[in-house]
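Visitor: Here is the input, now give the coordinates:
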Amino acid sequence: MIGAALEPLPSGLTAVRRLVLDAVSSPATKKMYAKALDDFFVWWARQGKPASARAGVQAHRAWLEERGYSPSTINQRLAAIRKLAREAALNGYMASEDAAGVLQVPGVPQRGIRAGNWLTREQAQALLNLPDSGSLKGKRDQALLALLLGCGLRRAEAAGLEIRSLGQRDGRWVIPDLLGKHGRLRTVPVPAWVKQAVDAWIVSAGLAEGRLLRSINRHDRLSGDSLSPHAILALVAAYGTRLGVKLQAHDMRRTCAKLCRAAGGNLEQIQLLLGHASIQTTERYLGTRQNLADAPNDHLGLEWTAHRG
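Guide: Alright, predicted model coming up:
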């Protein structure tokens, strides 16, 4: 077992765990990997510390399935364990054949697409209108919702924005060189209505530098110099409840993609806007399905006629 191979070494488990986390650039992925590995080590110890690497990981996968974890969660956890085996082998903590066995453990098949929710254009507009623009908190929340819906930002990206994060390129406002998931850089166009919402918040709050989004107390005054991703999650969920839908922060990103596509946006441009590594990820956000009843190649404008040479 991986743990069995590492345990005799001084701080073996801790050392390789650190190697795995240091090799991950995304804070969200780092957090997920840390949780997956810590849970795996606890499970391994409770199982009597089995020695077989491949069989042990397969047993852990079965244990996760029995407890109702979703296929995507199980596969994420297996990815962390595979990374552990790879780093352990590369750094001499584990035999290469044992690591190879772990790497060959298959993931759990995913049936269909776990797409999340999308808002219609009318729902999105209603959501933007929910905050009380007469209060400081309302202006802050409108700016936040506008950035999530209009720019397709992840909540961590929105939380990390600085006042100086917005700039002009090619005669328009953008968020240049935004550092996203897996260290990917992208430039995010900012629609005029989003910039208006952001400006209204900045002016009312009297902000000049530092983080764009700030916490506000119950007296409608600034109470901190930042707003956490967790707070953004809670805010979006609360406004979703008021709207009458179950809403997560990432659903705003999906909605941005969906509305862009419905407005005639090019698929590759939407991919660039969201910072996806593959077009397949963008398609999942859009909930794209092949339309066999009205296929795109039915509209090529060509026709067949019998022709005798």
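
Visitor: Got phi/psi on Val174?
Guide: Main-chain dihedrals, Val174, degrees, to the nearest 10: phi -140, psi 170.

Visitor: Use 21 as the first number from now on
Guide: Taking 21 as the first residue, the last one we looked at is Val194.

Visitor: pretty sure it contacts Ser185?
Guide: No: if you go by CB atoms under 8 Å, Val194 and Ser185 don't touch, sitting 9.7 Å apart. Bear in mind the C-beta positions are built from the backbone N, C-alpha and C, glycine included.

Visitor: for Glu182, phi and psi?
Guide: For Glu182, the backbone dihedrals (degrees, to the nearest 10) come out as phi -100, psi 160.

Visitor: Repeat that for the one 4 residues further on.
Guide: Backbone torsions of Leu186, given as degrees, to the nearest 10, read phi -90, psi 130.

Visitor: Nearest residue to Pro47 in space, please, no chain neighbours.
Guide: Leaving aside its sequence neighbours, Pro47 sits nearest to Ala176 (CB to CB, 6 or more residues apart in numbering; 6.8 Å).

Visitor: Wait, a helix at that neighbour?
Guide: Yes: counting by DSSP: H, G, I helix; E, B strand; the rest coil, Ala176 is part of a helix.

Visitor: Can you classify Gln188 by secondary structure?
Guide: Put simply, Gln188 is strand when judged by three-state DSSP.

Visitor: can you pull up the bridge partners for it?
Guide: Trp193 (DSSP bridges).

Visitor: And it, how far from Pro47?
Guide: As defined by CB to CB, to the nearest Å, Gln188 lies at a distance of 29 Å from Pro47.

Visitor: Same question for Tyr89.
Guide: Tyr89 sits 22 Å away from Pro47, going by CB to CB.

Visitor: who has more neighbours, the two?
Guide: Remark: of Tyr89 and Pro47, Tyr89 carries more neighbours, 16 against 12, as counted by other CB atoms under 10 Å.

Visitor: Now for the more buried one: which residues touch it?
Guide: Arg97 (CB atoms under 8 Å, 6 or more residues apart in numbering).

Visitor: Next up, the contacts around Gly187.
Guide: Contacts of Gly187 (CB under 8 Å, 6+ apart): 193-196.

Visitor: try Arg273
Guide: Taking CB under 8 Å, 6+ apart, one finds 168, 172-174, 294, 305 in contact with Arg273.

Visitor: what about it, which helix or strand?
Guide: Element membership of Arg273, judged by DSSP states H and E, is helix 269-282.

Visitor: Which of the residues in that helix are classified as buried?
Guide: By neighbour count on 16 or more other CB atoms under 10 Å, the buried set for helix 269-282 is 269-281.

Visitor: try stretch 232-243
Guide: Under the neighbour-count criterion of 16+ other CB under 10 Å, stretch 232-243 has 232-234, 236 buried.

Visitor: doesn't Ala48 fall inside a helix?
Guide: Yes: membership of Ala48 in a helix is supported by three-state DSSP.

Visitor: What is the neighbour count of it?
Guide: 14.

Visitor: so what's it up against?
Guide: Contacts for Ala48 (CB under 8 Å, 6+ apart) come out as 176, 201.

Visitor: I'd like to know how far Thr34 sits from Met272.
Guide: In terms of CB to CB, Thr34 sits 38 Å off from Met272.

Visitor: For Ala257, which three-state class applies?
Guide: Once three-state DSSP is applied, Ala257 turns out helix.

Visitor: The nearest residue to it once chain neighbours are set aside is in what secondary structure piece?
Guide: Distances taken as CB to CB, 6+ apart put Leu267 closest to Ala257, at 6.1 Å, once the chain neighbours are dropped. Leu267 is part of no helix or strand when elements are defined by DSSP H and E.

Visitor: Go ahead and confirm Leu267 touches Leu255.
Guide: No: if you go by CB under 8 Å, Leu267 and Leu255 don't touch, sitting 10.2 Å apart.
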